[in-house]
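1. here is a sequence with its predicted model. Questions after.
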Protein chains: 2
Amino acid sequence: MSQIRIGIAGLGIVGAETARQIISSQDILSRRAGKNLKIIAVSARHKAKDRGFPLDDIVFYTDPLKLLDHDDIDVIIELIGGEGGVALSLCQKALQAGKHIITANKAMIAHHGFSLSKLAEDNNVTLQFEAAVAGGIPAIKILREGLAGNQIETVAGILNGTCNYILSEMTSSNSAFLDVLKEAQHKGFAEADPSFDIDGVDAAHKLAILSTIAFEQKIEFSSLSISGIRNVSDIDINYAAKLGYCLKLLGIAQRGGPAEVTMALISDDEQLALVNGALNAVSYSGAPVQSSICIGPGAGAGPTSSAVLADLIDISRGLANYPYGSPVDLLSEQKLASQTSKEQCYYLRIAVTDKPGVLSQISAVLRDHGLSIASMIQNGQSEEGPVFLVLTTHKCAKIDIEQAAEVIGNTDHVLDSPMVIPIFDKGFFS
Amino acid sequence: MSQIRIGIAGLGIVGAETARQIISSQDILSRRAGKNLKIIAVSARHKAKDRGFPLDDIVFYTDPLKLLDHDDIDVIIELIGGEGGVALSLCQKALQAGKHIITANKAMIAHHGFSLSKLAEDNNVTLQFEAAVAGGIPAIKILREGLAGNQIETVAGILNGTCNYILSEMTSSNSAFLDVLKEAQHKGFAEADPSFDIDGVDAAHKLAILSTIAFEQKIEFSSLSISGIRNVSDIDINYAAKLGYCLKLLGIAQRGGPAEVTMALISDDEQLALVNGALNAVSYSGAPVQSSICIGPGAGAGPTSSAVLADLIDISRGLANYPYGSPVDLLSEQKLASQTSKEQCYYLRIAVTDKPGVLSQISAVLRDHGLSIASMIQNGQSEEGPVFLVLTTHKCAKIDIEQAAEVIGNTDHVLDSPMVIPIFDKGFFS
């Protein structure tokens, strides 16, 4: 059996787990790969650390670019991370040198995927990044190959486990955002600087990749509308529950529509509403397949290395091809609509002082913006604190609800900018 | 662009939809396939029927074996169906003649998959059958390629849409089995002769295929334990709901354990419990991926043709390989355990006449078989009809609960054989 010779750049939790798997399951994985899998060299900051696998026969570098000096390496697995920097240099140079690249680096792929993919084509090697999106779900393979016969209309999902963990915990334990964030950091579910996760950037990286494959368009990361969960409140989670909804951070892209990462209310009886904790989910709909949804762990050493190993076996078997399904030059330019024209239902929570006439003022603003109310909850009177007026609207354009919310925020006796959250009603994803 | 030349055997709803898709989306599908997709010839019983696509440039046969006369056909799509007969002859001869085979025929693959796959290897062509399992979910590709880096421990799922539709309808409308079956037949969700579906045979075909790939073992169809939903009662569905469970027909195979199709109670907060109507679901667990679940339509023209088209594009791209992941000779012999030794919790419903001492008799039988009771419901007294005693047990061997049930069935004042259903508690699938 011939060999496939591997270099691994980055021995963090995913890199170390990938190396351990390749070494400890070598026979099984080599049988499936049809080639002997052999790690030639690795790079990491520190050699001394015990990572649970022997380094005896493996060349160790602190500089990942040294892996390029190995003519005997066929595949480099890039697990350093970061949009540019050394990860990007390594991948560019490796592809130019005729080495296959496997990466879990969603930031790099969301920003430089097209040029890297072109480089792979030009050098007759492949670039694979299944691990960049929802590790435990073969989300890219499902879309690119399993659903290749379809015109995909919508791809959506819960794409960030940290946010989903925080929202699930806030829901189940009735806790405030900052308390749960702190706990998540303590448990290792959130980074010390959680911005990329909680501001929706990480989910947007994944959405850019998925929507490119789904629509065969070069979706530019900069064209995505991105918001996160930083301003989430347990108050909204509670009202959502009363109305039969769950609050989730959703990435959603519709063919010819917008691609956005946003908090969303999802009907309690959708499969997505049951996706709790650090799980991810990806939902696909199109013709002729109708719709399907896959749920699994999105991050962590095991699920991510599972995706890396799948890419490695595909490459070994000769089953890896264009990462976006077609050559980059056959992808069309993006055709995204602005999300301002998208029509859907909205949730609106308004903090007011309990004075006569407030409801009348607010409903006049809604009327003036052409918005009609589907349901309303007003909690009991309060002489001191704010009273919340919670409304859901019928379908309306995002621009109308946003403008109405701005006017309402400046109305007498309204204490704060209203909270506006889009609603995805029952059946949207199926 | 070179051509890939196609013959389609069978123009039922799936065959006709596949042909329509290839013709109406030719540009898109050919771009993804990297080759021009062209239908050369088709076979069906009757030519006259309008199937929504033109037959002008396509050779028509009533005998599918005539497709073999075409040296200019690269791929034959077999959509005739049936375990043996003309479908099997066609596939054997086509593979021998160096033509690729795509099929949706789960009965044929469950019974003859290994020999057909070997024939494909020997003739340097591929046999692909993604459409044989859960059409709208790329269930085989996920397992064989997406999760190729894993040691899969359990593969399970809702593998028959007809049964799931019937059980869902019985649950939501509180109706009796035969009424819902009749309605399902009327709506086209069940065949005139529904035996293959409701007796669990169809689900078992799919389970045999999935478990072969999951465990890399030649799982023989004859070794599966198969029961269906023919004796389901809305009484059990109602009791299950009271206990926090849903009743589903489940296919489940555990590495080194049994492979079986059985009615099962699934905890209400499992994702599988939310899979209603004609949907299918496949759940995978193993290491290092942990577990994931995919849900989608399992049958029908659209979802099934989606799977056929995916196979066609893979073959055109050169991305199709061994259907079970490895050459057939590298699959090991099956290592299934008898399901009699499997330990799990059970639901037991016993119809009794409301006499003093009955409960004492029954609990003595359970004690004598080493079974301990986890919970019990007894409904109100009744002077005429039967009273139901519903128990759930702690974990026990199947053989013990079955022997106890037999003894209980022959006890005084017990009116019928008890209903015994295995329970899959919260967390089993995740």
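-> Okay, I see it.
2. distance check, residue A:326 against residue B:156.
-> Separation of residue A:326 from residue B:156 (Cβ to Cβ, to the nearest Å) stands at 35 Å. Quick note: C-beta positions are derived from backbone N, CA and C, even for glycine.
3. of the two, who's got more company?
-> Between residue A:326 and residue B:156, residue B:156 has the larger neighbour count (other Cβ atoms under 10 Å in any protein chain shown), namely 29 against 19.
4. for beta bridges, what are the partners of the more buried one?
-> residue B:252, residue B:283 (DSSP bridges).
5. got the contact list for it?
-> B:250, B:251, B:252, B:253, B:282, B:283, B:429 (Cβ atoms under 8 Å, 6 or more residues apart in numbering or on different chains).
6. and if you look at residue A:206?
-> A:106, A:110, A:132, A:133, A:134, A:157, A:159, A:160, A:251.
7. after the helix or strand that it is a member of, which helix or strand is next?
-> Residue A:206 is located in helix A:201-215, with elements delineated by DSSP states H and E. Using DSSP H and E, the helix or strand that directly follows helix A:201-215 along the chain is strand A:217-218.
8. name the helices or strands packed onto that next one?
-> Judged by 3 or more Cβ pairs under 8 Å, 6 or more residues apart in numbering or on different chains; DSSP states H and E, strand A:217-218 is in contact with strand A:332-333.
9. tell me the helix or strand right after the strand it packs on.
-> Assigned by DSSP H and E, the successor of strand A:332-333 is strand A:343-352.
10. buried sites along that following strand?
-> A:344, A:345, A:346, A:347, A:348, A:349, A:350, A:351, A:352 (16 or more other Cβ atoms under 10 Å in any protein chain shown).
11. can I get these in JSON lines including distance to residue B:403 and pLDDT?
-> Below are the buried residues of strand A:343-352 laid out as JSON lines (distance: Cβ to Cβ, whole Å; pLDDT from 0 to 100):
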{"residue": "A:344", "distance to residue B:403": "58", "pLDDT": "92"}
{"residue": "A:345", "distance to residue B:403": "57", "pLDDT": "96"}
{"residue": "A:346", "distance to residue B:403": "60", "pLDDT": "97"}
{"residue": "A:347", "distance to residue B:403": "56", "pLDDT": "97"}
{"residue": "A:348", "distance to residue B:403": "62", "pLDDT": "97"}
{"residue": "A:349", "distance to residue B:403": "60", "pLDDT": "96"}
{"residue": "A:350", "distance to residue B:403": "65", "pLDDT": "96"}
{"residue": "A:351", "distance to residue B:403": "65", "pLDDT": "94"}
{"residue": "A:352", "distance to residue B:403": "68", "pLDDT": "93"}
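12. same list (those) but as TSV, adding distance to residue A:386.
-> TSV is the format used below for those (distance: Cβ to Cβ, whole Å):
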residue	distance to residue A:386
A:344	27
A:345	24
A:346	20
A:347	17
A:348	15
A:349	10
A:350	9
A:351	4
A:352	6
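13. give me the neighbour count for residue A:195.
-> Neighbour tally, residue A:195, other Cβ under 10 Å: 12.
14. contact residues of the stretch 201-350 of chain A facing chain B?
-> By Cβ under 8 Å from any Cβ of the partner chain, the residues of the stretch 201-350 of chain A that approach chain B are A:269, A:271, A:274-275, A:287-297, A:300-303, A:305-310, A:312-314, A:317-319, A:321, A:325-326, A:330.
15. filter those residues down to the buried ones.
-> A:271, A:274-275, A:288-297, A:300-303, A:305-310, A:312-314, A:317, A:319, A:321, A:325-326.
16. those residues in strands, which ones?
-> A:290, A:291, A:292, A:293, A:294, A:295, A:296, A:297 (DSSP state E).
17. return the closest of these with respect to residue B:185.
-> Ranked by distance to residue B:185 (Cβ to Cβ), those are led by residue A:290 at 22.0 Å.
18. run through the bridge partners of that closest one.
-> With DSSP bridges applied, residue A:290 shows beta-bridge pairing to residue A:286.
19. which one is residue A:92 nearest to, not counting chain neighbours?
-> Sequence neighbours aside, residue A:119 is the residue nearest to residue A:92 in space, at 6.3 Å (criterion: Cβ to Cβ, 6 or more residues apart in numbering or on different chains).
20. confirm the one you found sits in a strand?
-> No - secondary structure of residue A:119 (DSSP: H, G, I helix; E, B strand; the rest coil): helix, not part of a strand.
21. that one and residue A:420, how far apart?
-> 42 Å.
22. cool, and residue A:400?
-> 11 Å.
23. give the bridge partners for the nearest residue to residue A:25 once chain neighbours are set aside, please.
-> With Cβ to Cβ, 6+ apart as the criterion, residue A:25 has its nearest non-adjacent residue at 7.2 Å, and that residue is residue B:151. When bridges are called by DSSP bridges, residue B:151 pairs up with residue B:287.
24. check which helix or strand covers residue A:228.
-> Short version, using DSSP H and E: residue A:228 is in no helix or strand.
25. using PDB, write out every CA atom in stretch A:150-159.
-> The C-alpha atoms that make up stretch A:150-159 are tabulated as PDB, following Å, rounded to 0.1, in the frame of the first residue of the first chain:
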ATOM      1  CA  ASN A 150     -30.500  20.400  -6.200                       C
ATOM      2  CA  GLN A 151     -31.200  24.000  -6.600                       C
ATOM      3  CA  ILE A 152     -30.700  25.100  -3.000                       C
ATOM      4  CA  GLU A 153     -33.000  27.900  -2.000                       C
ATOM      5  CA  THR A 154     -32.100  28.300   1.700                       C
ATOM      6  CA  VAL A 155     -29.300  27.300   3.900                       C
ATOM      7  CA  ALA A 156     -29.600  28.200   7.600                       C
ATOM      8  CA  GLY A 157     -28.500  27.000  10.900                       C
ATOM      9  CA  ILE A 158     -27.200  27.300  14.400                       C
ATOM     10  CA  LEU A 159     -23.600  27.800  13.500                       C
END
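26. let's test this: mean pLDDT of that stretch, rounded?
-> Across stretch A:150-159, pLDDT averages out at 97.
27. relative to its centroid, which residue of chain A is most remote?
-> residue A:356 (44.9 Å; Cα atoms, centre = their mean).
28. how about the helices in chain A?
-> A:13-24, A:26-33, A:85-96, A:106-122, A:139-141, A:161-173, A:177-187, A:195-198, A:201-215, A:234-242, A:301-317, A:358-368, A:398-409 (DSSP state H).
29. residue B:262: which of the ones you listed is closest?
-> Minimum separation from residue B:262 across the helices of chain A (Cβ to Cβ) falls at helix A:301-317, 28.7 Å.
30. what angle do the closest one and helix A:161-173 make?
-> Relative orientation of helix A:301-317 versus helix A:161-173 (axes from the mean of the first three to the mean of the last three Cα atoms, to 10 degrees): 140 degrees.
31. tell me how chain A divides into domains.
-> Annotated domains of chain A cover A:3-135+A:305-330, A:140-295, A:340-422 [automatic domain parsing].
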